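Engineer: Sequence first, predicted model second:
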Amino acid sequence: MVEFQGVSKIYPGQPPAVDNLNLSVESGKITVFVGPSGCGKTTSLRMINRMVEPTSGSITVGGRNVGDIPAPELRRSMGYVMQQAGLLPHRTVVDNVATVLRLNKVPRAQARQRSMELLETVGLSAAMAKRYPNQLSGGQQQRVGVARALAADPPILLMDEPFSAVDPVVRAELQHELLRLQRELDKTIIFVTHDIDEATLLGDRVAVFAVGGRVAQYASPEEILRAPVDDFVANFVGRDRGFRRLSFSSGAAVPVHEVATVAWPRKHDDVSSPRVPGAPAWVLAVDAEDRPLGWLSPADSAGPGRPGAAVSPSLVPGGSLFHSGDPLRTALDSALSSPSGLGVAVDDEGRVAGVVKGPEVLAAIDAVREGKN
Ligand SMILES: Nc1ncnc2c1ncn2[C@@H]1O[C@H](COP(=O)(O)OP(=O)(O)O)[C@@H](O)[C@H]1O
Ligand SMILES: [Mg+2]
């Protein structure tokens, strides 16, 4: 749907900002431009909506050469989100979104109503609508930026480092919101970032830009992590790419074992407390619905009155959970983060399904590395 054919951008007296870019962006997918700063990602993005004109080559959208489409018309057909949301400071949040609709000649009342709906779509409450941009957090401003970009319901969304300026926790939230939105909206999204983790999380396809405005590799995230084409991509992707790759490998092969559980809070006279045969072991405390609450250490799990048991033992917080269907990386995280060394596996309802063992997760990882899986 968006096609770069031999596109270059050269500013006088400088090496090319973009050098002979040939790339085809698929409709209804998220395509990510990733790479270190200064390698031509923003320039490439801005040539799509003619904020920058190429020195040579052509860009077509839906078969039409963008050079033949008047710039204002072209820009109205594409949403644009930047790193700093770029909101109008003297307009309320709802008016910031409505402005785009008013430009498209949507009547005032209808524009307001639609804007309120869009704010809800991006996860902002009605109470936020009347605020001014500086009364919102960075993450909330970015959400407004996304709502505004969606206002005219453009088929194409251009996003230039939209989440780079917010803290990591909010960034993760915004990334998952975008994936959720995209499942509903089916836009053609071109997303620029310098963060390889963000690129592989969001992208259906990822273009790795190298110094000099050259695309070093254009492939699925999985392929880029598994088979970087050259040293530049390998270095950019990082040494721990083997670990990142686990995000794409199924954890289904990891055996799930039974685990001793105890209902929590435990009654003091509870004689049915689990007695694990042999050496004392970690016991998983669960609520009435069988959902995990934390671990009882081997000393405490011996039960009240047993030698070494605390009078009122407290739970050791459990590690992260492994849901059925999660990738290997999540299985590994759950085993490594658990105080017992056993990763807690849960079913779709969050009920305990059993535990995974660290050494067995590592064996499954080795099997993937050796290409057996
Ligand atoms: N308006 C401009 N005038 C001169 N040089 C520019 C201009 N815009 C970008 N450049 C140069 O082009 C190169 C690519 O920039 P850019 O596309 O912004 O990179 P990225 O988004 O990957 O960080 C950089 O070397 C930058 O300095
Ligand atoms: Mg940039």
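Structural biologist: Here it is on my side, so go on. These numbers come from a predicted model, not from an experiment. Ligands and ions are numbered 1, 2, ... in the order given.
Engineer: can you pull out the helices in the stretch 151-300 of the chain?
Structural biologist: In the stretch 151-300 of the chain, the segments counted as helices under DSSP state H, counting those that start in this stretch are 168-185, 196-202, 221-226, 231-237, 241-245, 298-301.
Engineer: could those helices be laid out in CSV, adding mean pLDDT, mean neighbour count and distance to ligand 1?
Structural biologist: Just so you know, the C-beta spots here come from the backbone N, C-alpha and C atoms, and that holds for glycine as well. Converted to CSV, these look like this (pLDDT from 0 to 100; neighbours: other CB atoms under 10 Å; distance: least, CB to the nearest ligand atom, whole Å):
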stretch, mean pLDDT, mean neighbour count, distance to ligand 1
helix 168-185, 88, 15, 18
helix 196-202, 93, 21, 13
helix 221-226, 92, 20, 17
helix 231-237, 88, 17, 12
helix 241-245, 68, 17, 21
helix 298-301, 78, 19, 54
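Engineer: mind checking which of those is nearest residue 212?
Structural biologist: helix 231-237 (10.5 Å; CB to CB).
Engineer: Run through who's touching stretch 89-100.
Structural biologist: 87-88, 108, 111-112, 114-116, 118-119, 124, 128-134, 136, 144, 147-148, 151-152 (CB atoms under 8 Å, 6 or more residues apart in numbering).
Engineer: which of those are buried?
Structural biologist: Buried by 16 or more other CB atoms under 10 Å: 87, 111-112, 114-116, 118-119, 124, 128-129, 133, 136, 144, 147-148, 151-152, out of these.
Engineer: returning to that earlier point: now intersect the contacts of stretch 89-100 with the helices, please.
Structural biologist: 108, 111-112, 114-116, 118-119, 128-129, 144, 147-148 (DSSP state H).
Engineer: Columns distance to residue 235 and pLDDT on top of those residues, output as a markdown table?
Structural biologist: Supplementary listing: those in a markdown table, determined by distance: CB to CB, whole Å; pLDDT from 0 to 100:
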| residue | distance to residue 235 | pLDDT |
| --- | --- | --- |
| 108 | 53 | 94 |
| 111 | 48 | 95 |
| 112 | 50 | 95 |
| 114 | 46 | 94 |
| 115 | 45 | 96 |
| 116 | 47 | 96 |
| 118 | 41 | 93 |
| 119 | 41 | 94 |
| 128 | 42 | 94 |
| 129 | 46 | 95 |
| 144 | 37 | 94 |
| 147 | 37 | 92 |
| 148 | 37 | 93 |
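Engineer: These: which two are farthest apart?
Structural biologist: Longest span within those, CB to CB: 108 and 128, 20.1 Å.
Engineer: Not counting sequence-adjacent ones, nearest residue to residue 205?
Structural biologist: residue 31 (5.1 Å; CB to CB, 6 or more residues apart in numbering).
Engineer: Actually, residue 252.
Structural biologist: residue 325 (7.6 Å).
Engineer: And the one you found, how close does it get to ligand 1?
Structural biologist: As judged by CB to the nearest ligand atom, to the nearest Å, residue 325 and ligand 1 stand 36 Å apart.
Engineer: That residue: what secondary structure?
Structural biologist: coil (DSSP: H, G, I helix; E, B strand; the rest coil).
Engineer: and it, how many neighbours does it have?
Structural biologist: 11 (other CB atoms under 10 Å).
Engineer: now do residue 146
Structural biologist: 27.
Engineer: Wait, residue 355 touches residue 346, no?
Structural biologist: No: applying CB atoms under 8 Å, one finds residue 355 not in contact with residue 346, separated by 10.4 Å.
Engineer: need the residues of the chain near ligand 1, please.
Structural biologist: 11, 14, 17, 35, 37-43 (CB under 6 Å from any ligand atom).
Engineer: Buried among those residues? Make that a PyMOL selection.
Structural biologist: The buried residues among the residues of the chain next to ligand 1 can be selected in PyMOL (16+ other CB under 10 Å) with this line:
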select buried, resi 17+35+39+40+41+42+43
